[in-house]
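Novice: Okay, predicted coordinates and the sequence, questions at the end:
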Amino acid sequence: MTKIISFHGSKESGKDTFCNFVTAVLCTSAGFNKVLDISNDDIKVDEVVVDPSSIMPELVQTFSWAESLKQILINNFDIDPYFLYDREGKDKHTHLYWENMPGVITNEFGYNRLVNKFPEQKNVYYHIHGPMTGREVLQYFGTNIMRKMWERVWIFSLLKNIENSNAKFALIKDTRFDNEKIEVNEIGGTNIFLTRKPHKDTHDSELVSNKHCQHTLDNSSINLLESKKALLKILEEIL
């Protein structure tokens, strides 16, 4: 049975970095000793970007709740992968516009009039008109539209991908919502909460907490090297 380790945190909290680190640790432990030197205080993995599929896919693979979402946006909405995968690209404008989004009102006066008349209305949002960034498309389409239709939409697709992988370890690098953490717990996985929060973002996908997480890595108060050492101690407990 695949052992699942899920990292939960806000954007740029270190989820990708620590997934790469855990991959390197697992591959090193399995004999692929060129990946990582963890025998000294340097823990030389800062510049290593590990591609699990090219090293030991039968041992460990990295997964993302948002992968199916990104493929839909690429194949059906003609969005270049740069806007969805690249850290800087996510903050660049795409060809999609806020005024064309279902449930979005770009006229502030009209929005205020509507919510004042129907205060129970919770499915409309105000946003200034104009193009959406890649991150905004991922947030709004993935959460406000797709998850609104079916809360388990991304859970269903990811668990299916993990099952088909046959990997011994599955690392999830972008856990955001409580139902995702609960699902991981129910199938015997482990959630690790990362406290670092370099950006203020009030979208539902960024409202993170250590709820339903078995471990908390307080990487907001220590540096990267110390964070990796702390993560090694967590791994000793769960592996």
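Specialist: Thanks, I have the structure now.
Novice: Would you map the strands across the protein?
Specialist: With strands called from DSSP state E, the chain shows them at 3-8, 60-63, 93-97, 104-105, 125-126, 131-133, 169-175, 190-194, 215-217.
Novice: Quick one, which of the ones you listed gets closest to Ile79.
Specialist: Ranking the strands of the chain by their distance to Ile79 (criterion: CB to CB) puts strand 93-97 first, at 5.5 Å. Quick note: C-beta positions are derived from backbone N, CA and C, even for glycine.
Novice: where does the chain have low pLDDT?
Specialist: Residue ranges of the chain with pLDDT under 70: 32-55, 205-206.
Novice: hmm, try it at 80
Specialist: 28-55, 121-122, 198-208 (pLDDT under 80).
Novice: quick one, domains of it?
Specialist: According to automatic domain parsing, the chain is divided into the following domains: 3-67+154-238, 85-149.
Novice: what's the span of the shortest one from first residue to last?
Specialist: Right, domain 85-149. Across domain 85-149, the terminal residues are separated by 24 Å (CA to CA, to the nearest Å).
Novice: How about the longest one?
Specialist: Across domain 3-67+154-238, the terminal residues are separated by 10 Å (CA to CA).
Novice: if we can go back for a sec, redo the domains of the chain as a markdown table? Include mean neighbour count and distance to Leu73.
Specialist: Output for these, formatted as a markdown table (neighbours: other CB atoms under 10 Å; distance: least, CB to CB, whole Å):
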| stretch | mean neighbour count | distance to Leu73 |
| --- | --- | --- |
| domain 3-67+154-238 | 17 | 10 |
| domain 85-149 | 15 | 6 |
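Novice: mind checking which of the strands of the chain is nearest Ile74?
Specialist: strand 93-97 (11.3 Å).
Novice: What are the boundaries of the helices in this structure?
Specialist: 15-29, 52-55, 67-77, 82-85, 108-117, 134-139, 148-149, 153-165, 178-186, 224-238 (DSSP state H).
Novice: Mind putting those into JSON lines with distance to Asp201?
Specialist: What follows is those, written out as JSON lines (distance: least, CB to CB, whole Å):
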{"stretch": "helix 15-29", "distance to Asp201": "15"}
{"stretch": "helix 52-55", "distance to Asp201": "28"}
{"stretch": "helix 67-77", "distance to Asp201": "18"}
{"stretch": "helix 82-85", "distance to Asp201": "17"}
{"stretch": "helix 108-117", "distance to Asp201": "21"}
{"stretch": "helix 134-139", "distance to Asp201": "9"}
{"stretch": "helix 148-149", "distance to Asp201": "19"}
{"stretch": "helix 153-165", "distance to Asp201": "19"}
{"stretch": "helix 178-186", "distance to Asp201": "17"}
{"stretch": "helix 224-238", "distance to Asp201": "22"}
